[in-house]
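1. Sequence first, then the predicted structure:
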Amino acid sequence: MKTLKTETRGRVALLTLNRPEALNALNSELMGELREAMATYGTDDRIGAIVLTGSEKAFAAGADIKEMQPRDYVGAYVEDLFEGWSAVASMRKPLIAAVSGYALGGGCELAMMCDFIIAADTAKFGQPEITLGIIPGMGGSQRLTRAVGKAKAMDMCLTGRMMDAAEAERSGLVSRVVPAADLIATAMAAAEKIAGFSMPATMMIKESVNLVDETGLAEGLRFERRLFHSLFATEDQKEGMAAFIEKRKASFKHR
Ligand code: CAA
């Protein structure tokens with residue numbers, strides 16, 4: 001692939017956005033390649049978790065402004081511009097964003113499509129679309145508001161200011177902040193740990209947590225309980241609990 005580097009380490013796929021000349025600006029070629037990678041690893045039994053990262057300077061500086069500038073309304077509407085990124089949001093296997101440097105506009109939105117974000121202490125998040133005369137178009141107004149609440153989301157989207165890693169962690173946008181030099185190792189270790197668990201269980205956790213944004217509490221609790229019940233049909237539940245009782249490490253079959 002031209003704009004995406006892919007490698008696998010054990011049961012983890014590491015995807016690296018690779019347009020250094022444009023600070024990993026998200027163009028249609030990159031979207032196509034990332035969609036392809038999601039389809040490949042999403043159906044590969046040997047892969048249990050995915051890490052998505054960029055460069056030291058930029059996770060991604062947003063949608064590609066040069067590609068977007070000449071677009072017109074009819075073309076954008078008919079093509080449903082940016083709908084293609086939903087392949088990332090709908091990935092069923094755990095997906096961690098490892099963010100160093102700029103995560104702006106579509107870059108911040110892409111990171112928020114992942115299940116959680118681990119940030120380097122150099123990370124800077126922002127939704128600067130307002131400075132271009134537009135608004136977020138890959139989910140920023142929705143996912144950022146759910147992540148950090150109305151006050152901060154309004155502040156970020158209306159002023160276009162950036163948030164540093166410490167503020168992002170305080171606000172609940174990122175799950176942990178680590179020194180830049182430890183970013184990939186930390187994200188890969190988290191992914192490796194997840195990939196060692198029972199895959200149906202990790203997938204159900206994603207499904208259940210993600211339902212929070214779409215449903216009320218009573219329905220969400222019922223859904224979680226039904227998924228919970230269904231796991232008693234798996235050998236991994238028997239193995240996981242037997243391993244605890246026998247004081248040994250579980251060896252899950254459905255990985
Ligand atoms: N699109 C296209 N090219 C971009 C880009 C983008 N989003 N961001 C950076 N680049 C390019 C620059 O044009 C420059 O290319 P040239 O060398 O050919 O001039 C190269 O990457 C390096 O960038 P800078 O020279 O600007 O680097 P810097 O260190 O001085 O500044 C920055 C870094 C503050 C991130 C600055 O590049 C910047 O503000 N980028 C744009 C950020 C932005 O507005 N993102 C939102 C895009 S809209 C969007 O994402 C809509 C959506 O919701 C989906």
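-> Done, it's in. Numbers count the residues shown, from 1 in each chain.
2. Residue 122: what secondary structure?
-> Under DSSP: H, G, I helix; E, B strand; the rest coil, residue 122 falls in the coil class.
3. count of residues packed around the nearest residue to it once chain neighbours are set aside?
-> Taking C-beta to C-beta, 6 or more residues apart in numbering, and ignoring the residues beside it in sequence, residue 122 has residue 180 as its nearest neighbour in space, at 4.9 Å. (Glycine included, C-beta is placed from N, CA and C.) For residue 180, the count of nearby residues is 16 (other C-beta atoms under 10 Å).
4. Could you do residue 77 as well?
-> A count of nearby residues for residue 77, using other C-beta under 10 Å, gives 9.
5. That one sits in which helix or strand?
-> Assigned by DSSP states H and E, residue 77 falls within helix 73-79.
6. Check the contact between the residue nearest to residue 122 and residue 99; I expect there is one.
-> No: with contacts counted by C-beta atoms under 8 Å, residue 180 stays clear of residue 99, the gap being 10.3 Å.
7. still on that earlier bit, just checking the distance from the helix holding residue 77 to the centre of its chain.
-> A distance of 26 Å separates the centroid of the chain from that of helix 73-79, by C-alpha atoms, centre = their mean, to the nearest Å.
8. still on that earlier bit, what separation do you get for the residue nearest to residue 122 and the ligand?
-> Note on residue 180: its distance to the ligand, by C-beta to the nearest ligand atom, to the nearest Å, is 16 Å.
9. what's that residue in contact with, if anything?
-> By C-beta atoms under 8 Å, 6 or more residues apart in numbering, the residues touching residue 180 are 56, 100, 120, 121, 122.
10. Can you check the pLDDT for the third one?
-> Going back to what we said before, that points to residue 120. Predicted confidence (pLDDT) for residue 120: 99.
11. for the nearest residue to residue 231 once chain neighbours are set aside, helix, strand, or coil?
-> With C-beta to C-beta, 6+ apart as the criterion, residue 231 has its nearest non-adjacent residue at 5.0 Å, and that residue is residue 237. Using three-state DSSP as the criterion, the local structure at residue 237 reads helix.
12. tell me which residues in the helix holding residue 77 are buried?
-> Of the residues in helix 73-79, none count as buried by neighbour count, 16 or more other C-beta atoms under 10 Å.
13. Give me the residues contacting it.
-> Surrounding helix 73-79, the residues in contact under the criterion C-beta under 8 Å, 6+ apart are residue 81.
14. Past that helix, which element shows up next along the chain?
-> Proceeding C-terminally, helix 73-79 gives way to helix 86-89 as the next helix or strand, assigned by DSSP H and E.
15. so what does that following helix touch, helix or strand wise?
-> When contacts are defined as 3 or more C-beta pairs under 8 Å, 6 or more residues apart in numbering; DSSP states H and E, helix 86-89 packs onto helix 28-42, helix 106-113.
16. and for residue 180 and residue 99, which residues touch both?
-> Taking C-beta under 8 Å, 6+ apart as the contact rule, the neighbours common to residue 180 and residue 99 are residue 120.
17. coming back round to it: now the residue nearest to residue 122: how far from residue 101?
-> Taking C-beta to C-beta, to the nearest Å as the criterion, residue 180 is separated from residue 101 by 9 Å.
18. so what sits against both of those two?
-> Among the neighbours of residue 180, those also in contact with residue 101 (C-beta under 8 Å, 6+ apart) are 56, 120, 122.
19. State the number of residues packed around the residue nearest to the first one when sequence neighbours are not counted.
-> By that I understand residue 56. Taking C-beta to C-beta, 6+ apart as the measure, residue 56 lies nearest to residue 100, with 5.2 Å between them; neighbours along the chain are not counted. Taking other C-beta under 10 Å as the criterion, the count of residues near residue 100 is 25.
20. This completes my enquiry, with thanks.
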